[in-house]
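Trainee: I'd like to go over a predicted model; first the sequence, then the structure.
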Amino acid sequence: MSSANNATRTIKIFTGTALLVLSACTSNIKKDSPPIIDTAIAVSVAIPATSQQQVINVSGQIESAQTANISTRVMGYITALKVKVGDRVAKGTLLATISNNDMLAKRAQADAMISEAEVALKNAQKDYDRFTVLYKQQSASAKELENVNQQYSSAKSRLEQAKQMKNEINATLGYTSLVAPFDGVVTQKLMDAGSMANPGMPILTVEQNGSYQVSASVPESLISQVREGANVAIAIDAAHKMIKGIVSQINQSSQFSGGQYLIKVSISDKDKPGLFAGMYANLSIPVKQKSVNYPEEDQVMVPLKAIEQKDQLTGIYTIGNNNTALLRWVRLGKVIGDQVEVLSGLAPHEQFIVSADGRLFNGATVKINR
């Protein structure tokens with residue numbers, strides 16, 4: 001009996017010792033285990049902006065804010081062209097000359113007429129002075145003095161006429177030397193030396209150095225919704241640029257444009273680098289008044305920076321189950337400034353990821369910044 005009790009006591013002591021050892025080992029394991037690292041990517045989310053504001057989309061072309069077609073008011077052969085396309089010219093630079101031999105001959109004739117008229121005026125002056133003295137001495141009649149006075153006035157008129165004829169010839173001669181009206185660049189050469197220049201027919205085109213603008217046509221059904229000073233989103237595909245502009249001018253007549261109203265959209269000088277006159281541009285003009293041509297539902301707008309490009313597809317990251325990133329394929333519409341319209345694939349009040357502190361991928365664990 002005593003032997004059995006001793007055995008039982010021994011088993012209990014062994015079991016207790018084993019539990020103490022196991023507890024100590026477990027405690028050491030917990031102390032030595034590394035801390036759990038949070039691998040979730042911090043992201044910022046937003047809800048799509050919805051707007052009842054509509055836009056008018058039209059196409060236009062970039063042009064210089066000031067362009068001059070250089071032509072002459074006289075007919076004659078082009079004796080010299082001093083510039084070529086691409087040359088930069090300063091205001092007053094001689095661009096071309098027109099033959100002017102006939103006008104030089106007419107000016108010589110005018111000089112001769114002036115000399116003749118001056119001599120005639122001197123003689124008439126002498127006669128007038130002499131007859132004035134004789135009339136005072138009662139040696140000449142009033143009729144004789146009147147006739148001499150008329151001859152003197154006629155001589156003055158002929159001299160003035162000859163001088164004005166010379167001024168007209170000098171003015172015409174000015175049109176035989178064509179100069180740059182402002183600082184700019186020669187963009188077109190429409191004639192060569194030796195060609196016959198006709199009045200009003202362009203010979204050269206000069207575009208001013210400085211700001212660009214976009215010229216576009218708006219249909220008559222939409223022109224009433226466009227306002228001067230409105231902000232415009234301008235997309236230039238050739239330059240791969242998206243810039244902003246302001247409606248600076250609206251033509252009030254479409255008489256010669258077939259129902260299309262011409263508008264001008266100014267471009268800031270800071271956006272000028274990389275642009276060239278003649279590039280095509282797509283304009284998005286926001287309007288507050290709704291047009292019957294547009295649907296009534298709100299536009300779903302998201303920032304361009306939130307859009308992901310995968311080959312030919314476009315997508316946007318949303319928040320999936322268990323706080324994971326879910327890439328959603330979407331179909332995009334119009335671009336307005338730094339926002340783009342989502343036509344399908346994203347609900348109006350569905351959260352999407354705007355930015356992330358790490359590289360996102362489909363199924364990545366994320367945590368929302370608060």
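Mentor: Happy to help now that I have it.

Trainee: R130 in helix, strand or coil?
Mentor: Under DSSP: H, G, I helix; E, B strand; the rest coil, the three-state class of R130 is helix.

Trainee: Please apply the same query to the one 5 residues further on.
Mentor: Each residue gets one of three states, and Y135 gets helix by three-state DSSP.

Trainee: any idea how far it lies from Y128?
Mentor: Going from Y135 to Y128 by CB to CB, to the nearest Å gives 10 Å. Bear in mind the C-beta positions are built from the backbone N, C-alpha and C, glycine included.

Trainee: So which residues of this protein form helices?
Mentor: In the chain, the segments counted as helices under DSSP state H are 2-32, 101-136, 142-174.

Trainee: any idea of the mean pLDDT in the first one?
Mentor: It stands for helix 2-32. The pLDDT scores in helix 2-32 average 52.

Trainee: what does stretch 58-73 give?
Mentor: Mean predicted lDDT for stretch 58-73 stands at 88.

Trainee: which intervals of this structure have sub-threshold pLDDT?
Mentor: Filtered on pLDDT under 70, the chain yields the residue ranges 1-38, 49-53, 210, 288-298, 336-337.

Trainee: care to break it down by domain?
Mentor: Domain segmentation of the chain under automatic domain parsing yields 1-33, 43-52+298-368, 56-65+210-287, 67-99+176-206, 101-174.

Trainee: any chance of the ones you listed in CSV, with mean neighbour count too?
Mentor: Listed next are these as CSV, based on neighbours: other CB atoms under 10 Å:
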stretch, mean neighbour count
domain 1-33, 9
domain 43-52+298-368, 16
domain 56-65+210-287, 16
domain 67-99+176-206, 16
domain 101-174, 14
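
Trainee: Pretty sure I41 sits against A364.
Mentor: Yes - with contact defined as CB atoms under 8 Å, I41 counts as touching A364 (5.7 Å).

Trainee: D127 touches Q150, doesn't it?
Mentor: No - here D127 does not reach Q150: they are 11.0 Å apart, not a contact under CB under 8 Å.

Trainee: how much space is there between D129 and I70?
Mentor: 53 Å.

Trainee: Which positions are bridged to the nearest residue to L222 once chain neighbours are set aside in the beta structure?
Mentor: Excluding the flanking residues, the one nearest L222 by CB to CB, 6 or more residues apart in numbering is I56, at 5.2 Å. Listed by DSSP bridges, the beta-bridge partners for I56 are I285.

Trainee: show me the residues around I56 that make contact.
Mentor: 218, 222, 225-226, 283-285, 287, 291 (CB atoms under 8 Å, 6 or more residues apart in numbering).

Trainee: ok, which pair from the residues you listed is furthest apart?
Mentor: The two members of the contacts of I56 with the most space between them (CB to CB) are L283 and S291, at 15.5 Å.

Trainee: ok, so what distance separates the closest residue to N57 other than its chain neighbours from F131?
Mentor: With CB to CB, 6+ apart as the measure, S284 is the residue that lies nearest to N57, at 5.6 Å, once sequence neighbours are left out. With distances taken as CB to CB, S284 is found 85 Å from F131.

Trainee: what do you get for M103?
Mentor: 41 Å.

Trainee: Please apply the same query to T314.
Mentor: In terms of CB to CB, T314 sits 101 Å off from F131.

Trainee: so where do the strands sit in the stretch 201-350 of the chain?
Mentor: Counting by DSSP state E, counting those that start in this stretch, the stretch 201-350 of the chain has strands at residues 204-208, 212-219, 231-236, 241-250, 260-267, 280-287, 299-303, 307-310, 313-319, 325-329, 331-336, 339-344.

Trainee: now those as TSV including distance to T97?
Mentor: Shown next, in TSV, are the strands of the stretch 201-350 of the chain (distance: least, CB to CB, whole Å):
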stretch	distance to T97
strand 204-208	12
strand 212-219	31
strand 231-236	39
strand 241-250	35
strand 260-267	34
strand 280-287	37
strand 299-303	58
strand 307-310	57
strand 313-319	59
strand 325-329	65
strand 331-336	50
strand 339-344	55
